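J.: Sharing a sequence plus its predicted fold:
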Amino acid sequence: MTFPSVVVLDDRGCLVHETRGYGRDTIDEIERAISRYGGEKCVKVAPLALRTLQGEPYRLLESSSARFTIVEFWVVWCKPCPALARELIGLAAKRPEGEVEVVQVNCDKYVSSARSPHGGGERGGEARKAVQASQAASE
């Protein structure tokens, strides 16, 4: 899995856009995808149950009233992740209120620290499975 990975979902749970990695055009691509999305093609993404930092259940999409939810999957050793997070929050702030929500999913619990640039190996997890499902659906 490449970090950061971003998926954009509409309020029905349909995949609007997906990107892996972070480059100059990442935010522009996401903004264009949101702006031109008409909802005509719906590839459903598997439900993803998460926990907040306080340990409370957070059901993606059920917990949001936004038209679009941008989900950023990140890990602490990912150097571009903080910059992308700031840009995603800025993108949401530019859009009309209630249109875009940004959800950041820390995958450190699901991806071993050995997966960092300093080693190999990876263990499974709910977040990784959801990203793989969305990737398979978009191919």
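T.: Done, it's in. Numbers count the residues shown, from 1 in each chain.
J.: For residue 5, which residues are in contact?
T.: 18, 19, 20, 21, 72, 73, 131 (C-beta atoms under 8 Å, 6 or more residues apart in numbering). To be clear about C-beta, it is placed using only N, CA and C from the backbone, and glycine gets the same treatment.
J.: Excluding sequence neighbours, find me the nearest residue to it.
T.: residue 73 (4.4 Å; C-beta to C-beta, 6 or more residues apart in numbering).
J.: Dig out what the residue nearest the centre of the chain forms beta bridges with.
T.: Of all residues in the chain, the one closest to the mean position by C-alpha atoms, centre = their mean is residue 71, 2.3 Å from it. Beta-bridge partners for residue 71, by DSSP bridges, are residue 7, residue 103.
J.: So for it, what's the pLDDT?
T.: Reported pLDDT at residue 71 in the predicted model: 92.
J.: Please look at it and residue 13 and confirm they touch.
T.: No. Here residue 71 does not reach residue 13: they are 11.3 Å apart, not a contact under C-beta atoms under 8 Å.
J.: helices and strands around the helix or strand where residue 34 lies, which ones?
T.: Using DSSP states H and E, residue 34 sits within helix 26-36. If you count contacts as 3 or more C-beta pairs under 8 Å, 6 or more residues apart in numbering; DSSP states H and E, helix 26-36 packs onto strand 5-10, strand 15-20, helix 81-94.
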